[in-house]
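Participant: Sequence first, then the predicted structure, then my questions.
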Amino acid sequence: MNLSFTTINIVKLALECRDMESLTDKKREFFKKLQKCIDVSAEQLYDRYVFQSTAIKKQFPMLMSGMWLESEKLKPDDKVETVLKNGSLFKRV
């Protein structure tokens, strides 16, 4: 199950580096910008996971009716954190 996703627009990052003279400088700046986006995305995805983990089963009746792995084991007022550990967080690049 996919818990959340973030998209990184690498074309935009490349376009932001196009006016640099040196190809080496363009590559260095592109990968610097990409790494910054990856770091921010990873933090955002983790924060989203932490927030989602505070929810309880009865807030998601359809998803917790067996659609998510191990969700049927939860009681209505149990937090969904144990179920979310089976999910994934994506960075689309």
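Facilitator: Ah, there it is. Numbering: from 1, shown residues only.

Participant: just the helices in this protein please.
Facilitator: Along the chain, counting by DSSP state H, helices occupy 10-16, 23-52, 81-84.

Participant: could I get the ones you listed as a markdown table with mean pLDDT?
Facilitator: Formatted as a markdown table, the helices of the chain follow (pLDDT from 0 to 100):
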| stretch | mean pLDDT |
| --- | --- |
| helix 10-16 | 97 |
| helix 23-52 | 94 |
| helix 81-84 | 86 |
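
Participant: wait, which of the ones you listed is closest to P61?
Facilitator: Closest approach to P61 among the helices of the chain (CB to CB): helix 81-84, 13.5 Å. All C-beta spots, glycine's among them, are computed from the backbone N, C-alpha and C.

Participant: I'd like the distance from that closest one to the chain centre, please.
Facilitator: Between the centre of helix 81-84 and the centre of its host chain there is 16 Å, according to CA atoms, centre = their mean, to the nearest Å.

Participant: what about L84, neighbour count?
Facilitator: 20 (other CB atoms under 10 Å).

Participant: returning to what we had before: could you dump the helices of the chain to JSON lines with distance to W68?
Facilitator: As requested, the helices of the chain are exported to JSON lines (distance: least, CB to CB, whole Å):
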{"stretch": "helix 10-16", "distance to W68": "31"}
{"stretch": "helix 23-52", "distance to W68": "11"}
{"stretch": "helix 81-84", "distance to W68": "5"}
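
Participant: winner for burial among these?
Facilitator: Highest mean neighbour count of the helices of the chain: helix 81-84, a mean of 18 (counted as mean count of other CB atoms under 10 Å).

Participant: contacts for it?
Facilitator: For helix 81-84, the external contacting residues (CB atoms under 8 Å, 6 or more residues apart in numbering) are 3, 49, 52-54, 64, 68-71, 73-74.

Participant: 10 Å - rerun?
Facilitator: For helix 81-84, contacts defined as CB atoms under 10 Å, 6 or more residues apart in numbering pick out 1, 3, 49-50, 52-57, 60, 63-64, 68-74.

Participant: can you pull the contacts of the residue lying farthest from the centre of the chain?
Facilitator: Outermost residue of the chain with respect to the C-alpha centroid, by CA atoms, centre = their mean, is E21; its distance is 34.5 Å. Listed by CB under 10 Å, 6+ apart, E21 has no contact partners.

Participant: Kind regards, and thank you for your time.
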